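*Asks:* can't give you the sequence, but here's the structure:
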C-alpha cells in the first residue's frame, strides 16, 4: 500500500470526525447563548431546558434509525442529508422570533445531527 492509496481514506476519516464533532459540540456550546436567548425571547428556565433537551431528545430518538438508513442508502447520502438538515435547523434557529420556533429549529438540528453521527 502506498501513500497515494491511503490519502482518500485519511480525508474521509477527517471529514467524518469533524462532522461528528460538530454534532456533539452543538449540544454543549448552546449553554453560552442561553442568557441572551432568555433576554431576547423570554421564557425563563423552562425555555432554556427545552432548547437543550429538544436537540438531545431528537438526536437520541433518531440516531439508531439514522444508522439503519445509512446501511440501506450509504454513508455519504445520509451524511449529506444530515448536513442539510443541521444547516437548515441552524438557519431557523438564528432567525427564530419565538420560543416555539427556536425549539422546533433545535429539534431539526438534533435530527440532522443524528444522521451525521452514524455516517
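*Replies:* Looks like it arrived, so ask away. All values reported here derive from a predicted model rather than from experimental measurement.

*Asks:* where in this protein is pLDDT low?
*Replies:* 1-8, 118-119 (pLDDT under 70).

*Asks:* Try it again at 80.
*Replies:* 1-28, 118-119 (pLDDT under 80).

*Asks:* Show me the longest helix that occurs in this structure.
*Replies:* When the chain is parsed with DSSP state H, its longest helix is helix 3-41.

*Asks:* how close does residue 54 sit to residue 113?
*Replies:* 12 Å (C-beta to C-beta, to the nearest Å). No exception for glycine: its C-beta is placed from N, CA and C like everyone else's.

*Asks:* who has more neighbours, those two?
*Replies:* residue 113 (29 against 19; other C-beta atoms under 10 Å).

*Asks:* what angle separates whichever strand or helix holds that one from helix 3-41?
*Replies:* Using DSSP states H and E, residue 113 maps to helix 99-116. Going by axes from the mean of the first three to the mean of the last three C-alpha atoms, to 10 degrees, helix 99-116 is angled at 170 degrees with respect to helix 3-41.

*Asks:* Point out the other helices and strands that helix 99-116 packs with.
*Replies:* Contacts defined by 3 or more C-beta pairs under 8 Å, 6 or more residues apart in numbering; DSSP states H and E place helix 99-116 against helix 3-41, helix 44-73, helix 75-94.

*Asks:* would you turn these into a markdown table with distance to residue 106?
*Replies:* What follows is the helices and strands packed on helix 99-116, written out as a markdown table (distance: least, C-beta to C-beta, whole Å):
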| stretch | distance to residue 106 |
| --- | --- |
| helix 3-41 | 8 |
| helix 44-73 | 4 |
| helix 75-94 | 6 |
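
*Asks:* how about these, which one is nearest residue 103?
*Replies:* helix 44-73 (4.8 Å; C-beta to C-beta).

*Asks:* which other helices and strands contact the closest one?
*Replies:* Using 3+ C-beta pairs under 8 Å, 6+ apart: helix 44-73 touches helix 3-41, helix 75-94, helix 99-116.

*Asks:* if we can go back for a sec, can you point out the buried residues in the longest helix of the chain?
*Replies:* Of all the residues in helix 3-41, those buried under the rule 16 or more other C-beta atoms under 10 Å are 19-20, 22-23, 26-27, 30, 37-38, 41.
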